[in-house]
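*Asks:* Sequence and predicted structure below; questions after.
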Amino acid sequence: MITEQAAAELVSAALAERDAIQANLLELDGSFAKQVLEGATLSGATRDRWGTASVALATLWETFLAYSAVIDRVAALGTGPKRPARKDLPELSDLLTEGCIQLPGPPVPLARRDLAAVARPPVTLTAAVGAMRRLFTQVTEVTSAVESVWAALGPPLDAATADLARCAPLLAGLGAEAEAELRAVSADLDAQRAASNADPLALWRPDPAGTQGGRTDTSSADRLRERAAALAAKIAELDRVRRQARHRIDELTAAVAGARAARQDAVTAWQEAATRITALPAPPPDIGEPPLAGLDALAARGEWSRLAAELGRCEADLAASGAQTTGLREAATAALDKREELRGLLRAYKAKAGRLGGSEDADLAAKYEQAYRLLWTAPCDLAAAATAVADYQRAILATKGRQ
């Protein structure tokens, strides 16, 4: 038989353990996943696993009630002034160490039963706690997995919902295609939410190592989020085109006029350069007239997708023409600059030849005259002039080497 001191310590530990178990059971019972699963219409793996977990949870509470009744008796005998009393130690010792709790469930099969044993023998407090721990784990594995799935699916599905809600008010008048896309994505979103509510565990991938962990397959939700984001961006762009259609058409008209003026200036500069330099690149084609009547018609019919595409094409063509105009002007300027650079080099080389005493050298003089004639003849053949200047430079270097 245990001593009074030992009994008091065991009673205190048993009460603390019961309080902890009760707190965890109440938290489980009030958890969001348990509340939803208990009232939802489930399907698939979630229906099967929650069916088993529900039985385990009912057994867990039934076991706890029997266990708690024994703990109440232990508390009555072992707590309070002058407790535990010596006379209560035998009963208290039996309650704390011997079989005193009848666990729920079917009786032990007759083939495995001892002749003198009862159909379902009582178990100790320790064994009852062990049984409740196993049942608790069985239930929380399901609720925790469900909560993990919902937590992982929430952000992508909520983001998709927000995107659709944001673009829905803009949809009127944007065309049947955009409306059909919005209906399709909305239907898929509703279907995925319904599926994740009815069978969240269909998306749960347990840890291959066999632990209680795992991960949620969010690939479908992520794809749906991407579709919703793309559709929202598309609708926002169509709405922008609708609101800015007149302004963009007017801007295009003005931009074409400006581009034509710039091209004319560039062609004039090219023509001036062509009188001085040969083999300049030919001017690009004239800038065409934008299809203003067609753009206006698309806007009048509300064909915003086609209008956006046509405006984009016109703007891209105009940008390409602007780049060609810039290239034409730069080519003319570069050719004139190159001629001036070669003239400067020729002067510098002539001065160098004079310092080296080559002023009377007939070969140097001939090469200089050749380069000079090419550079000061209009139009100038830049390639031939560059070759002549290089030949003159090499001749000067050869003269220096001989000296």
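*Replies:* Happy to help now that I have it. Numbers count the residues shown, from 1 in each chain.

*Asks:* Sketch out the strands for this structure, chain order is fine.
*Replies:* For the chain, the strands identified by DSSP state E occupy 204-206, 214-216, in order along the chain.

*Asks:* What are the neighbouring residues in contact with the closest residue to residue 249 other than its chain neighbours?
*Replies:* Setting aside the residues directly before and after it, residue 249 is nearest to residue 295 in space (Cβ to Cβ, 6 or more residues apart in numbering), at 5.2 Å. Backbone N, C-alpha and C define where each C-beta goes, glycine included. The contact partners of residue 295, taken as Cβ atoms under 8 Å, 6 or more residues apart in numbering, are 249, 252, 307, 310-311, 314.

*Asks:* Can you tell me how far the residue lying farthest from the centre of the chain is from residue 398?
*Replies:* The centre of the chain is farthest from one residue, residue 360, which by Cα atoms, centre = their mean lies 78.1 Å away. Applying Cβ to Cβ, to the nearest Å, one obtains 16 Å for the distance of residue 360 from residue 398.

*Asks:* try residue 98
*Replies:* As judged by Cβ to Cβ, residue 98 and residue 398 stand 120 Å apart.

*Asks:* before we move on, what about residue 13?
*Replies:* In this structure, residue 13 lies at 109 Å from residue 398, with Cβ to Cβ as the measure.

*Asks:* do the same with residue 207
*Replies:* 83 Å.

*Asks:* again with residue 244
*Replies:* 68 Å.

*Asks:* can I get the strands of the chain in a markdown table with mean neighbour count, distance to residue 142 and mean pLDDT?
*Replies:* What follows is the strands of the chain, written out as a markdown table (neighbours: other Cβ atoms under 10 Å; distance: least, Cβ to Cβ, whole Å; pLDDT from 0 to 100):
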| stretch | mean neighbour count | distance to residue 142 | mean pLDDT |
| --- | --- | --- | --- |
| strand 204-206 | 16 | 10 | 91 |
| strand 214-216 | 16 | 12 | 91 |
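
*Asks:* And these: which comes nearest residue 256?
*Replies:* Put simply, out of the strands of the chain the one that sits nearest residue 256 is strand 214-216, at 54.6 Å, with distance taken as Cβ to Cβ.

*Asks:* Any chance you could list what contacts the closest one?
*Replies:* Applying Cβ under 8 Å, 6+ apart, the external contacts of strand 214-216 come out as 145, 148-149, 152-153, 203-207.

*Asks:* Can I get the buried part of the residues you listed as one PyMOL selection?
*Replies:* To isolate the buried members of these in PyMOL, using 16 or more other Cβ atoms under 10 Å:
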select buried, resi 145+148+149+152+153+203+204
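
*Asks:* so can I have TSV of the contacts of strand 214-216 showing distance to residue 372?
*Replies:* Formatted as TSV, the contacts of strand 214-216 follow (distance: Cβ to Cβ, whole Å):
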residue	distance to residue 372
145	91
148	86
149	86
152	81
153	82
203	84
204	88
205	84
206	89
207	86
